[in-house]
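1. sequence? don't have it. structure:
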């Protein structure tokens, strides 16, 4: 990567802003829920970072969300979990129908590896959504392509 960390992360931050705007949309600007979202952004919480910047760190007392985990390798999932310090919770999210990595599939990606390896562990829980709400165009593209 060239450029500073913030320059490289800005495209990923836009994903967060887009989703926060979807969440905030039903509320007017004076609503406490809308104000809370604005406050979180102003105080730089949540924090977004690349997985390549967490190696060697220990994340204490945070809620850590890994989105698009279907595109992670089993090694990347292991590296991420091993960053959890005291009081940290990690949520992995992903859609097995949206694997973009050429060398991964529904049986070899890190998310399914995590599900298969952690089932029955006391510090682990897993649930699968049966339907993801997408615009009709996105559903069609997923089904046809």
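-> Received it, and whenever you're ready, just let me know what you need. Keep in mind that this is a model prediction, so the values were computed, not measured. Numbers count the residues shown, from 1 in each chain.
2. Low-confidence bits of the protein, can you list those?
-> Applying pLDDT under 70 to the chain flags residues 1-13, 44, 132, 145.
3. repeat that for 80
-> In the prediction, the chain carries residues with pLDDT under 80 at positions 1-24, 40-55, 127-135, 138-139, 141-145.
4. so how far is stretch 95-106 from its chain's centroid?
-> 15 Å (Cα atoms, centre = their mean, to the nearest Å).
5. Then stretch 100-110?
-> Relative to the centre of its chain, stretch 100-110 is centred 17 Å away, using Cα atoms, centre = their mean.
6. ok, now stretch 61-72?
-> That offset, for stretch 61-72, works out to 4 Å (Cα atoms, centre = their mean).
7. Quick check: buried residues in that stretch?
-> By 16 or more other Cβ atoms under 10 Å, the buried positions in stretch 61-72 come out as 62, 64, 66, 69, 70, 71, 72. Placement of C-beta: from N, CA and C, glycine included.
8. Among those, which one sits closest to residue 45?
-> Nearest to residue 45 among the buried residues of stretch 61-72, counting by Cβ to Cβ, is residue 62 at 9.9 Å.
9. According to the record, where do the domains of the chain fall?
-> 1-48, 59-145 (automatic domain parsing).
10. Deepest-packed of the ones you listed, please.
-> Of all the domains of the chain, domain 59-145 has the most neighbours on average by mean count of other Cβ atoms under 10 Å, namely a mean of 13.
11. Dihedrals phi and psi, residue 84?
-> phi -70, psi 120 (degrees, to the nearest 10).
12. How about it: what's its closest non-neighbour residue?
-> Closest residue to residue 84 apart from its sequence neighbours, by Cβ to Cβ, 6 or more residues apart in numbering: residue 90 at 5.8 Å.
13. quick one: secondary structure of the closest residue to residue 40 other than its chain neighbours?
-> Spatial nearest neighbour of residue 40, chain neighbours left out: residue 46 (6.7 Å); criterion: Cβ to Cβ, 6+ apart. Following DSSP: H, G, I helix; E, B strand; the rest coil, residue 46 is assigned to coil.
14. who's the residue nearest to residue 84 bridged to?
-> Bridge pairing for residue 90 (DSSP bridges) gives the partners residue 64.
15. pretty sure residue 77 belongs to a helix, no?
-> Yes - in this structure, residue 77 lies within a helix as judged by three-state DSSP.
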